[in-house]
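Model the structure of this input:
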Amino acid sequence: MSPTPENASRADAPRAAPRLAVRGLHKSFGAHEVLRGIDLEVGVGRVVVLIGPSGSGKTTLLRCLNALEIADSGTVRIDELEVDFSQPVGKARITRLRRSSAMVFQHYNLFPHKTVLENIIEGPVQVQKRSVAEATAEADALLEKVGLADKRDVYPFRLSGGQQQRVGIARALALRPNVILFDEPTSALDPELVGDVLGVMQALAREGWTMVVVTHELAFARQVADEVLFLDGGEIVERGHPQQLFTEPREARTRQFLSRILNPLD
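Numbering: from 1, shown residues only. Presented below is the predicted three-dimensional model:
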């Protein structure tokens, strides 16, 4: 199982052997069914974007993929590891699933008492038991990648929101995940800071990282996504290439949602 992105271009990534496969995923909180049988595939080096109204299940789906929430039933497979939530799942298997992906959160979730460098090497050293020297060298390279090499010894409170989010992306990459999960990574940012974060994500897509992104940034989805999924009421209402879904959506509910996002004053 390779933890790093393949060298092949995204256009050449094989669709027949998805890196991530989800079948019949259900999740309820009490009497409220949040996910109603989600089926999803993401090929190696592909980018899938999830859109939909608040409460549609997008974030819950991401959290189930990373086992931050435990699904009630259905399967999640990342490469060779498959977890069937229809039966009891042991802690070791949950841990393996969590280590197969990395989450970039909406509100950064950096450790405030640790420097940027310390935040990035925490997972590789404490969880993956890699050496401090190795983790530090990789962290420095990742900080260069996200344009923050000069911030390695700075504490998070001295960074802008956009800079903190780019540190969050570097921290996720440092874990060498098979899949990167982004939960509305720009929604907490001032508008002028959004572009820097989206630029880093676009570069990762070009490099061939496998990504699942929850976002309301439709322009980003149009430019970067290989597939866009519209969720509503815990179900995938429509899926398709961004050019098709944004210009000629087949479902009335999709058209209604896009109209409200693109023309909020109408």
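
Who are the contact partners of the residue positioned nearest the centre of the chain?
Residue closest to the average C-alpha location in the chain (C-alpha atoms, centre = their mean): Leu181, at 1.5 Å. Leu181 sits next to 62, 65-66, 101-104, 211-213 when contact means C-beta atoms under 8 Å, 6 or more residues apart in numbering. Bear in mind the C-beta positions are built from the backbone N, C-alpha and C, glycine included.

Return the subset of the residues you listed lying in helices.
Taking DSSP state H, the ones among the contacts of Leu181 that sit in helices are 62, 65.

What ranges does the stretch 151-266 of the chain have for its helices?
In the stretch 151-266 of the chain, the helices defined using DSSP state H, counting those that start in this stretch lie at 161-174, 191-207, 218-224, 242-247, 252-262.

For Leu231, which of these is the nearest?
Set against Leu231 and scored by C-beta to C-beta, the helices of the stretch 151-266 of the chain come closest in helix 252-262, at 9.8 Å.

Where does the prediction get shaky in the stretch 1-150 of the chain?
1-16 (pLDDT under 70).

in it, which spans are strands?
20-29, 32-42, 47-51, 73-78, 81-84, 101-104 (DSSP state E, counting those that start in this stretch).

need those strands in TSV with distance to Gly162 and mean neighbour count, can you?
TSV is the format used below for these (distance: least, C-beta to C-beta, whole Å; neighbours: other C-beta atoms under 10 Å):
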stretch	distance to Gly162	mean neighbour count
strand 20-29	28	18
strand 32-42	26	18
strand 47-51	20	26
strand 73-78	29	20
strand 81-84	34	16
strand 101-104	13	23
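
Indicate which one of those strands is closest to Ile236.
Using C-beta to C-beta, the nearest of those to Ile236 is strand 32-42, at 6.4 Å.

From the rest of the structure, what touches the closest one?
So strand 32-42 is contacted by 18-28, 48, 57, 60-61, 64, 71, 74, 179, 210, 212, 229, 233-236 (C-beta under 8 Å, 6+ apart).

okay if I get the strands of the stretch 1-150 of the chain as CSV plus distance to Glu138?
What follows is the strands of the stretch 1-150 of the chain, written out as CSV (distance: least, C-beta to C-beta, whole Å):
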stretch, distance to Glu138
strand 20-29, 24
strand 32-42, 25
strand 47-51, 23
strand 73-78, 22
strand 81-84, 23
strand 101-104, 14
